[in-house]
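In: build me a model:
(one chain, ligands or ions: 2)
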Amino acid sequence: MTNATGKINLLGLTQPKMEAFFESLGEKRFRAGQVMKWIHHFGVDRFEDMTNVGKVLREKLDACAEIRPPEVVSEDISKDGTRKWVIRVASGSCVETVYIPQNGRGTLCVSSQAGCALDCSFCSTGKQGFNSDLTVAEIIGQVWVANKSFGTIPAKSDRAITNVVMMGMGEPLLNFDNVVDSMLLMMDDLGYGISKRKVTLSTSGVVPMIEKLGEITDVALALSLHAPNNELRNQLVPINKKYPLEVLLPACNRYIARLGDKRVLTIEYTMLKDVNDQPEQANEMIELLRNTPCKINLIPFNPFPHSGYERPSNNSIRRFQDMLHKAGYQVTVRTTRGEDIDAACGQLVGQVMDRTRRSERYIALRELSADEPVTVQPSVSER
Ligand code: SAH
Ligand code: SF4
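Out: Ligands and ions are numbered 1, 2, ... in the order given. Model (predicted):
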């Protein structure tokens, strides 16, 4: 947990860990609460600004600890109010964090890894390959950075960030411990005080980790489904070959059943023209999800260069939505936000120093098959 400086970064400590830290210094546990409020409520990153902490203790802290947020490379604000931060993490890669204001809510979309090893066929993060897991300080640091950009942190009721979704870059369940600690900090009153219903973890379906998550937290769960049968899902979401639908959906059902309290699973379904947007697939979805308490979120595909996929027409999205709706499902279509700053779902690319060499392989493959017809989508920013 210590940094290159040899100091421990207090930004990433949950309350029990912060208490243990103060005890290890021979200090009282209540100091943990004081320091956490300075860090997370007031955005302070220097011990000298913590006015209710005595000088002797401040000096002791300075000697062995620090509050080191991740480096902000850039901050962009879209004309629709969406904000995007590019953040450099210790591995040298960059990840992205997006803030989306909508209907009185403010949702922060947080990254958990630099890149992603799971290689879903329609995801630009996946095409970047994988570089590193983010530390707790780098994950919660995204919330810290975003909160601070709205000025001094006001009373809880006026806070800009009301919801957090682990839907940025990476597969959160493959960086389990750090993601869980970060979500604990998001929900802790000494952290960001966000309710468990408003912290959502999105997964492509790492089944054993869904089980483990259910044993220790009660955050909201979103499943990136994208296909109603194994044959198609194997192509779109390769981890389906390891954890197919017949084990995945029961694991999600168990997670939701444990939460009780009328909570439901969110199903995310990225709509790809002529691939998974047909009435036939809508009918299969209707059957597949019969026993799953859920709401469905259709995400029109956000194009990126060389993806090979297209966004369906509004008519086919509407047709798909209507069919599910008539069968009794609650279905929403996600509106694309922050297009002018490339902040839409699935467009987060950061700058990943790929360790899997996937991006190289991907480019090489494209070059090899240059004589085959390839659907090249203009990126949103080029339109
Ligand atoms: N790895 C996790 C969370 C990050 S992805 C997961 O897969 O759930 C967040 C969501 O964006 C996922 O549902 C993902 O499938 C979707 N997505 C990825 N690429 C997309 C694209 N190009 N257009 C629209 N949605 C996309
Ligand atoms: Fe990874 Fe999620 Fe993208 Fe799949 S959709 S490659 S799991 S970030």
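In: which residues sit against the strand ranked longest in the chain?
Out: Identified as the longest strand of the chain according to DSSP state E is strand 94-102. By C-beta atoms under 8 Å, 6 or more residues apart in numbering, the residues outside strand 94-102 that reach it are 73, 81-89, 106-111, 113-114, 134, 138, 142, 145-146, 160-161, 168-170, 337-338, 343, 348-352. All C-beta spots, glycine's among them, are computed from the backbone N, C-alpha and C.
In: for the stretch 1-150 of the chain, which residues are neighbours of ligand 1?
Out: Neighbours of ligand 1 within the stretch 1-150 of the chain, by C-beta under 6 Å from any ligand atom: 120, 122-124.
In: out of the contacts of strand 94-102, name the ones that lie in helices.
Out: 138, 142, 145-146 (DSSP state H).
In: buried set for the longest strand of the chain?
Out: Neighbour counts over strand 94-102 (16 or more other C-beta atoms under 10 Å) mark 94-101 as buried.
In: same deal with stretch 190-205?
Out: Here stretch 190-205 shows 190-192, 194, 196, 198-205 as buried, counting by 16+ other C-beta under 10 Å.
In: out of these, which touch ligand 2?
Out: Among these, ligand 2 is touched by residue 204 when using C-beta under 6 Å from any ligand atom.
In: okay, the buried residues of stretch 190-205 in JSON lines with distance to residue 36 next?
Out: Shown next, in JSON lines, are these (distance: C-beta to C-beta, whole Å):
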{"residue": "190", "distance to residue 36": "4"}
{"residue": "191", "distance to residue 36": "7"}
{"residue": "192", "distance to residue 36": "11"}
{"residue": "194", "distance to residue 36": "15"}
{"residue": "196", "distance to residue 36": "19"}
{"residue": "198", "distance to residue 36": "20"}
{"residue": "199", "distance to residue 36": "17"}
{"residue": "200", "distance to residue 36": "23"}
{"residue": "201", "distance to residue 36": "22"}
{"residue": "202", "distance to residue 36": "27"}
{"residue": "203", "distance to residue 36": "28"}
{"residue": "204", "distance to residue 36": "32"}
{"residue": "205", "distance to residue 36": "34"}
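In: dump the residue contacts of the closest residue to residue 232 other than its chain neighbours.
Out: Of all residues not flanking residue 232 in the chain, residue 276 sits nearest, at 6.3 Å (C-beta to C-beta, 6 or more residues apart in numbering). Shown in contact with residue 276 (C-beta under 8 Å, 6+ apart): 226-228, 232, 236, 269-270.
In: assumed residue 276 was part of a strand.
Out: No. Assignment of residue 276 by DSSP: H, G, I helix; E, B strand; the rest coil gives coil, placing it outside any strand.
In: which of the three states applies to residue 234?
Out: helix.
In: shouldn't it be in contact with residue 241?
Out: Yes. Using C-beta atoms under 8 Å, residue 234 is in contact with residue 241, at 5.2 Å.
In: and these two? which has more neighbours close in?
Out: Higher neighbour count among residue 234 and residue 241: residue 234, with 16 against 11, using other C-beta atoms under 10 Å.
In: on that earlier part again, could you export the buried residues of strand 94-102 as JSON lines, including distance to residue 176 and pLDDT?
Out: Below are the buried residues of strand 94-102 laid out as JSON lines (distance: C-beta to C-beta, whole Å; pLDDT from 0 to 100):
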{"residue": "94", "distance to residue 176": "23", "pLDDT": "92"}
{"residue": "95", "distance to residue 176": "18", "pLDDT": "94"}
{"residue": "96", "distance to residue 176": "21", "pLDDT": "93"}
{"residue": "97", "distance to residue 176": "20", "pLDDT": "96"}
{"residue": "98", "distance to residue 176": "23", "pLDDT": "94"}
{"residue": "99", "distance to residue 176": "25", "pLDDT": "95"}
{"residue": "100", "distance to residue 176": "26", "pLDDT": "93"}
{"residue": "101", "distance to residue 176": "30", "pLDDT": "91"}
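In: fine by me, thanks again.
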